[in-house]
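*Asks:* coords below, sequence missing:
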């Protein structure tokens, strides 16, 4: 959600003269105790030095927590003596495996091991080298690394680095690796179906595999389902038609070569559902496009009306969703924002941030009985409105949320899981981060396969959690299951990057499982449980998330349409622009505006993200995000009062992990311009220009607020914490974004206020969008007349409420196009995306499988919508002449001020000579340039009649196509064609080929050769379709 990383640490500016050399009388001071509580001003001695507490602290060693902005201040050395400096001793390292002269075979997994120690500190890591090239490193003892042996002579060594940066290297061990001489096993990959595909019992599924043998030939490929042999194919292309059996089916292919060596493909899991008629129940209340769990009568009408619109109270036609954070509870001595501070009457939903995935793959908020647990154990005695209710067996925020829900029954609460800091790990009861893998390993095994056990464990625990704590649903904030490398929290890169190519596949399985288990629980409990997500909005991240095919499982999506610019790079821009301006510095530097295929489309704005999700969801299931916080830079040069200028960190070698390199990291604003900052692993402030909006409003008025010390600032002694220069507000009316500019400090702070909020709310109304979401409640502002300054308030939230109260109902349909009266069973799949930066352009495979029961004649036309988040440059690489027949591009050729239309209409047809038999598939390689969801709004024109797809509109009746297709698709019996003497492909009547005029049976149809040919009947223009058997 609110990202507090990808920034950088600054060295302390507070102390000009070292106090550690000053004499200090320690005789009256007690020794520091780890279990004692110390308040601001308390003094102690520790290891012959005197310290003073800066604020409430417990268990924080003064010697380790006395840097700038930390818990202790060093007063001096007791008796005025300072231990003499000692020279750092380098670490010691010995390579213990492999030994010199060892011999291995190519492909062996060789364990490299070393012993390392440091007499005056600790070993930070041990690096292993093969022929002086870094092979990898280990940061924990015993130090080891697995190396896959390659042919040749190799010198292997280890290098240890200590906590002061000193290093030493071991002597090298020379090993010999010989080549493998035995039979090389064949290679095989299952190309269809794809992992996670879904079918219905009785569907005809074509299994296909690619197989090759480096030192021989392939004798056969065998196909298996749940380890049961389905059949074999001995000729390319290797395929087998399988009638899908109900249940979870594990499909694999085994290739056998001419030396009887065999290899097995990676197993894919497909789900084959029993053909169950849709339950009666509340199906009329189900939102258009929301997945309906087979066989479950979900009580949709407990949440939705008969049009599929959410019921939120008479004064809430649109959503107003606020994130409430767990950590503003007062434990750190800072001001509190509690459940009673929430403007309940203005909101429709409250998302509690955050729960996490624990080490057992279960949802958790920490130890429930811990009195310091803000969710379930903490109390706030003496705070009016925060008294615990006796109706619940737990305390904390969860008690108060349920207490206030009794007073405001139209407000729903959802538990938000993950967030930036806890996607790949979690914080334990002591506040220490546990790098458990979080969402990444809960969903995905180390080999890239789906972790079904982890997903099921998690989903079951979510159901249990909702029931126990009274939540109305779960909000998944997984940042991020994208194939783009180094995306998300840098602390997660070590786990996430190795799994990038598999994360989206596992994400789909996670969301499907959650949806089905929540539906089943809802049917038992008599209520519909909601499932939502916080989604990225950047076209960069979404490029690695395929077609975001989880949307069908969501009640709605909350777009994080903020963090579009920040100090992770040097490009100064708006945090949350509504529209593109054509001048975004980051996009301009990448030549996005100048590349024809992008169509001049800028993709770092809210409107672009809305159009992206419209490709798969109605507007009413989309909520836009508004940040109640700032982002900013210092040292900005160029631009328009800083906007679109540059703010690079002066010393790029100090860039934090995950930033810098080819794109310079930014110089994030600090001090009084960064009041809501995070700290790095060394306890130093991370520059981000992060502030609540109420602080930004005080800066705008050049007010020195009275709360600075409450939030850890010290203006008396730290010039960086003082109000200097003058802040001037500017407004970008095209982007719909205000900012503050301090010319004296060259500080730029992107913000929100009433003017931008009013325009964004109206945008939601005008575009039939579901509503707004904001991060976070405590960032909204109000004017405190008594103090003469801004503080916690409800200005923007109230503005949204008042503007929405008379708005029309939100959009409840995915498309405005006329939907045909009947549907056909044709399955559409989009898969085969490349990983990360290779997706330029995007070239997935579009697969159409005919399950209509009859052959589709040549000339059958398919039409669908693609969102205008991509340009009109849409085509195929497969000769189907796919083209845009209705362009949704702006007449101006860009999206400055917003995209004017939502969709492009795209068409392709089967070649006139190609009949698509029942159970057969056809594949196209698509070509487009910016990410999309969908496609959607499919129609197929068969013999002049339009039909919808059953997968999109399951409520429509199936068309009766049993008469067979006309115009080249007639039944052989009706035409009097005798098929008894015809050969069946690949058996030719002439032995090796077909001559002109020969008729051949293939896939249930008869084809006539136009001339001499050896090609597969129906695969090219050398064949004419005759009839269907």
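*Replies:* Now that the structure is in, tell me what you want to look at. None of the values given here were measured: they were computed from a predicted structure.
*Asks:* what ranges do the strands span in the stretch 701-850 of the chain?
*Replies:* Secondary structure of the stretch 701-850 of the chain (DSSP state E, counting those that start in this stretch): strands located at 727-732, 737-742, 747-750, 771-775, 781-784, 789-792, 823-824, 826-831, 845-850.
*Asks:* out of those, deepest packed?
*Replies:* The highest mean neighbour count among these, using mean count of other C-beta atoms under 10 Å, belongs to strand 747-750: a mean of 28. Yep, even glycine has a C-beta here, placed from its N, CA and C like the rest.
*Asks:* Residues touching that one, excluding its own?
*Replies:* Outside of strand 747-750, the residues within contact range by C-beta atoms under 8 Å, 6 or more residues apart in numbering are 565, 572-576, 630-634, 636, 639, 641-643, 645, 647, 669, 673, 689, 691, 696, 699, 725, 727, 737, 739-741.
*Asks:* switch to 6 Å and redo it
*Replies:* Residues from elsewhere that reach strand 747-750 (C-beta atoms under 6 Å, 6 or more residues apart in numbering): 572, 574-575, 630-634, 636, 642, 669, 673, 689, 739-741.
*Asks:* closest one to residue 516 among the strands of the stretch 701-850 of the chain?
*Replies:* strand 826-831 (19.6 Å; C-beta to C-beta).
*Asks:* so what strands line up beside that closest one?
*Replies:* Here strand 826-831 has these sheet partners by DSSP bridges: strand 845-850 (antiparallel).
*Asks:* pLDDT on the partner strand, on average?
*Replies:* Mean per-residue pLDDT for strand 845-850: 96.
*Asks:* Report the separation between residue 829 and residue 924.
*Replies:* According to C-beta to C-beta, to the nearest Å, residue 829 and residue 924 sit 11 Å apart.
*Asks:* Ok, residue 711 next?
*Replies:* Counting by C-beta to C-beta, the gap from residue 711 to residue 924 is 57 Å.
*Asks:* ok, the two, which is more surrounded?
*Replies:* residue 924 (20 against 17; other C-beta atoms under 10 Å).
*Asks:* quick one: the host helix or strand of the more buried one to chain centroid distance?
*Replies:* Element membership for residue 924, per DSSP states H and E: strand 921-927. Its chain's average C-alpha position is 26 Å from that of strand 921-927, according to C-alpha atoms, centre = their mean, to the nearest Å.
*Asks:* Show me what that strand is packed up against.
*Replies:* For strand 921-927, the elements it packs on are strand 845-850, strand 875-876, judged by 3 or more C-beta pairs under 6 Å, 6 or more residues apart in numbering; DSSP states H and E.
*Asks:* average pLDDT across the helix or strand harbouring residue 191?
*Replies:* Assessed by DSSP H and E, residue 191 sits inside strand 187-192. The average pLDDT within strand 187-192 is 94.
*Asks:* Adjacent strands (with direction) for that strand?
*Replies:* Here, using DSSP bridges, strand 187-192 pairs with strand 204-212 (antiparallel).
*Asks:* report the angle between the axes of the strand it pairs with and strand 921-927?
*Replies:* 60 degrees (axes from the mean of the first three to the mean of the last three C-alpha atoms, to 10 degrees).
*Asks:* who's residue 845 bridged to?
*Replies:* The partner residues for residue 845, given DSSP bridges, come to residue 831, residue 925.
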